[in-house]
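*Asks:* Following is a predicted model, sequence given first.
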Amino acid sequence: MEMSTIMERHIKVPLSNEEALTLQSGDYVYLTGTIYTARDAAHKRMYEALSNGEALPIDMGNNVIYYMGPSPAREGRPIGSAGPTTSSRMDKYAPALLDLGLKGMIGKGKRSQEVRDAIIRNGAVYFAAVGGAGALLSRSIIASEVIAYDDLGTEAIRRLEIKEFPVIVVIDAQGNNLYETAIEEYKKD
Amino acid sequence: MRTIDVSVITQNIKEMCIEANHFLSEDMEKALKLATKEENAPLGRQILEQLQKNMKIAGEDMIPICQDTGMAVIFMEIGQEVHFEGGALADAINEGVRQGYIEGYLRKSVVKDPIYRENTKDNTPAVIYYEMTLGDKVKITVAPKGFGSENMSRVFMLKPSDGIEGVKNAILTAVKEAGPNACPPMVVGVGIGGTFEKCALLAKKALTRSVNERSEIPYVRELEEEMLLKINESGIGPGGLGGSTTALAVNVNTYPTHIAGLPVAINICCHVNRHAIRVV
Ligand code: SF4
């Protein structure tokens, strides 16, 4: 069976509660607005901050986190190569952030059942960006600024201004998972 | 006897780190192009087109193909008539990596200690393998390895009675578990035989072989072809989002082994299968 059309949407970020609920697994979405980057080391630090009752460097409410650590920017460019990293390494930390209002995550690869449950519980969305397309994706990033954990280098938290940044909805707020449904659709045995 | 100053090695390694991270070898480019034509999922096709566009932008704008510019894996095949002077060869290689990653705007992804994890800030040290060959030339292969796919790699210590079916199972298990995490379409490097570490090294080296080049051993060639078909029937597809292009090639290397063992290693690589090769 062949999917005849790909549903394309243009969405503003931060992501509103209402809009998040309308996104469906399999939608091809262009995001425009502000998002934040954080990967392994930044998540570990945020998690420790939460355990110690300290405030996080970014407010989670309706925000989208991009699991990404860029390559250095050349002069005159906002950022270097900027594709997604494997999300499962953030699975340990993601449910706590979702419960604080995080609306979306952009990464690549499978998520745990705990993350999926937290997505459903909070009406959030898991997007995939195309892994290994960091040069192409960098063209949709118009500004980048380190706002926390500067000492972590590529793993610092950055605020990104993005324009028509292409992602695909993998897990929607109903818990549908494109990684599972797409394989079923295209496997031959 | 031929004398080579190690500064020549530094210069070459530096250039090769930059080259490998911005340009894929011709066989990889062709394989991606062909896959785009043959992919039957609309979303899969769209992703493969993006990957081609990505490569074009990388080369034109000198932005790395992928932000994970890898840990530098370096194979040195050294003719036994070569004599190095001007310092320690390993230092010269690491100096090349340092210069390449800093001057080439490549990401520094190496931490000094696996537990304490402090970034070395220049992507050193490299992982270096030395091999002695005949003659007075040095063949250098620089293969920066990304860890999204490296993390999905496996070693299986099979029993001899598991035979070829056991090997096939191992390969399919590793690929299916890797799925979207390894940035498919993948290139699958397989090592069969040797010892625990030797099969892993065979698998790693298999990734540096052209994706169009099949094994000369008839049963291995058949295995490569059959596994590629089976993997592409898995449905994983480009980006793991469904389709018929899950792998571009399966490259298998073999080596003699012990009467009691059948080691198999599967080194998964993404579509950013980088390697620059030079003979000095
Ligand atoms: S697995 Fe390969 S393509 Fe994917 S992020 Fe890592 S290096 Fe890049």
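*Replies:* All right, it came through fine. Predicted model only: the values in this text are computed from it and were never measured. Residues are numbered from 1 along each chain as shown, chains lettered A, B, ... in the order given.
*Asks:* dump the residue contacts of residue A:167.
*Replies:* Residues near residue A:167 by Cβ atoms under 8 Å, 6 or more residues apart in numbering or on different chains: A:28-31, A:106, A:127-129. Bear in mind the C-beta positions are built from the backbone N, C-alpha and C, glycine included.
*Asks:* Could you pick out the longest strand of chain A?
*Replies:* strand A:157-171 (DSSP state E).
*Asks:* If you count neighbours, what's buried in it?
*Replies:* Of all the residues in strand A:157-171, those buried under the rule 16 or more other Cβ atoms under 10 Å in any protein chain shown are A:157-162, A:165-171.
*Asks:* where does chain A dip in pLDDT?
*Replies:* Chain A contains residues with pLDDT under 70 at A:1-4.
*Asks:* hey, where'd the strands end up in it?
*Replies:* Ranges of strands in chain A, per DSSP E, are A:8-13, A:28-37, A:64-66, A:104-107, A:125-128, A:141-148, A:157-171.
*Asks:* Can you name the residue of chain A nearest the ligand?
*Replies:* Nearest residue of chain A to the ligand: residue A:132, at 2.7 Å (Cβ to the nearest ligand atom).
*Asks:* What about that residue, how many residues nearby?
*Replies:* 33 (other Cβ atoms under 10 Å in any protein chain shown).
*Asks:* Am I right that it is in contact with residue B:270?
*Replies:* Yes - contact criterion Cβ atoms under 8 Å: residue A:132 and residue B:270 qualify, at 5.4 Å.
*Asks:* joint contacts of the two?
*Replies:* Both residue A:132 and residue B:270 are contacted by B:66, B:146, B:183, under the criterion Cβ under 8 Å, 6+ apart.
*Asks:* the longest helix in chain B is where?
*Replies:* Longest helix in chain B, counting residues (DSSP state H): helix B:42-61.
*Asks:* What's the first helix or strand after that one?
*Replies:* For helix B:42-61, the following helix or strand on the C-terminal side (DSSP states H and E) is strand B:71-79.
*Asks:* contacts for the next helix or strand after that following strand?
*Replies:* Proceeding N to C from strand B:71-79, the next assigned helix or strand is strand B:82-85, under DSSP H and E. Here strand B:82-85 makes contact (Cβ under 8 Å, 6+ apart) with B:1-6, B:9, B:92, B:136-138.
*Asks:* Tell me how far strand B:82-85 lies from the chain's centre.
*Replies:* Chain-centre distance of strand B:82-85: 28 Å, with Cα atoms, centre = their mean, to the nearest Å.
*Asks:* do the same with stretch A:25-42
*Replies:* Worked out by Cα atoms, centre = their mean, stretch A:25-42 lies 3 Å from the chain centre.
*Asks:* any bit of it sitting next to the ligand?
*Replies:* No - Stretch A:25-42 does not reach the ligand (Cβ under 6 Å from any ligand atom); its nearest approach is 11.3 Å.
*Asks:* Going by neighbour count, list what's buried in that stretch.
*Replies:* Buried-residue list, stretch A:25-42, by 16+ other Cβ under 10 Å: A:25-29, A:31, A:35-42.
*Asks:* Name the residues of chain A found near the ligand, please.
*Replies:* Residues of chain A found near the ligand (Cβ under 6 Å from any ligand atom) are A:83, A:131-132.
*Asks:* closest to residue A:56 among these?
*Replies:* Nearest to residue A:56 out of the residues of chain A next to the ligand is residue A:83 (Cβ to Cβ; 24.9 Å).
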